[in-house]
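[1] sharing a sequence plus its predicted fold:
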Amino acid sequence: MSIAGKLVGAIVGLILFHNPIGLLVGAVLGHFYDSAVTRMRPPSMGRGFIEPLFAFAGALSKSDGRVSEPEIAATEALMTRLRLDAAQRQIAITRFTAGKQDGFDIGIAIAELKAWCSGRRDLAFIVLDLLLDLVHAEGALAQPKLALVRRLCGSLGVSDHELAALSAMRGYASAARGAGYGNGGYGPRPPPSRPSEVDPYAVLGIERGAQERDIKRAYRKLMSQHHPDKLGSDVPDELKRRAEERAREINAAYERIKSERGLK
C-alpha cells in the first residue's frame, strides 16, 4: 500500500499548523489520497487475473457437457489477445484444464475475478468482453453456459440488460434482442452484425420508446463505465483497443439515435 500521500500530508500539516494535530490531520488527508489513487490504478494483469479468468473459461466450456473445438479455438484466441508469453500461456492452460474438471469449484474463480475488479465496473466489463467469444463459440447458447455467465455477472454487479448491451456492441445480435440474456432464452447465434446493422438502442441498453432524458442518461452512464482513460497504462494493448472500440460504438449508437430523432 502506498504511503507517499500520508507522508506528504503529514509534513504539510506540520508546516501549516506547527503542532501535532496539524501533522495528524495532514496524515489522514494523505491516507484518503493514497486510497483514491489505489482505487483508480488498474490492478496487475498477472497470475491473479490470468488464473481465475482461464479457470472460469474451462468451467464455462465444460458446462454444457464437453469442450468443443470451437471453444478450444476461442480460448487460444483469448491467449493471443492478451499477448501471453510462454510461461503465462502454460499457467492459462493449466487453469483451463483444472476448470473443466468435474467438481471444480467455480465459486473460487468468480470470487477471484470479483477481487481483481475491486468493485470497478469498467474492469468488470473488460472481463465479460474477453469471455464473450468463448460464450458464443459454438453458436448456440446452452442453458448451463448462460447460468454461469449470469452467476459471474451477478458477482460483478452487471445486469442482464447491461450484458445484452455489451453483447450487442460485439455484434451478437441474439443477445442484443434479449434472446440470449434478457429473458433467459437461448438458441442459434446469427453471424455477428456489421456496425450499421447493430440496433443502437440495444447498444445503449434502452428500449426504442425511451424518452430523451433516459437516452442521455444511458449514454453518459455507459461512457463513464467504458472510457479507455480509466484503464491507465498497465494493461495489454488489446484491452486498450477494445475499450476505445466500445467508446466509439457507444458514441456511434448515440449519434444514430440523435439523428433519427432529430435531437441535439
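    Done, it's in.
[2] pull the number of nearby residues for residue 94.
    14 (other CB atoms under 10 Å). (Glycine included, C-beta is placed from N, CA and C.)
[3] go on, residue 141?
    The burial count for residue 141: 23, using other CB under 10 Å.
[4] now do the SS call for residue 83.
    coil (DSSP: H, G, I helix; E, B strand; the rest coil).
[5] for it, report the pLDDT, please.
    What the model reports as pLDDT for residue 83 is 84.
[6] gap between it and residue 126?
    15 Å (CB to CB, to the nearest Å).
[7] residue 260 too?
    For residue 260, the distance to residue 126 - CB to CB - is 30 Å.
[8] between these two, which is the more surrounded one?
    Neighbours per residue (other CB under 10 Å) separate residue 260 from residue 126, with residue 126 holding more: 24 against 11.
[9] pLDDT score for the more buried one?
    85.
[10] same question for residue 25.
    Reading off the model, residue 25 has pLDDT 51.
[11] likewise for the one 10 residues further on?
    Note on residue 35: pLDDT of 47.
[12] what of residue 93?
    96.
[13] cool, and residue 177?
    45.
[14] A helix includes residue 216, no?
    Yes. Assessed with three-state DSSP, residue 216 lies in a helix.
[15] low pLDDT regions in the stretch 1-150 of the chain?
    In the predicted model, the stretch 1-150 of the chain carries pLDDT under 70 at residues 1-45, 140.
[16] the same query, at a cut-off of 80, please.
    Under the criterion pLDDT under 80, the flagged ranges of the stretch 1-150 of the chain are 1-46, 122, 139-141.
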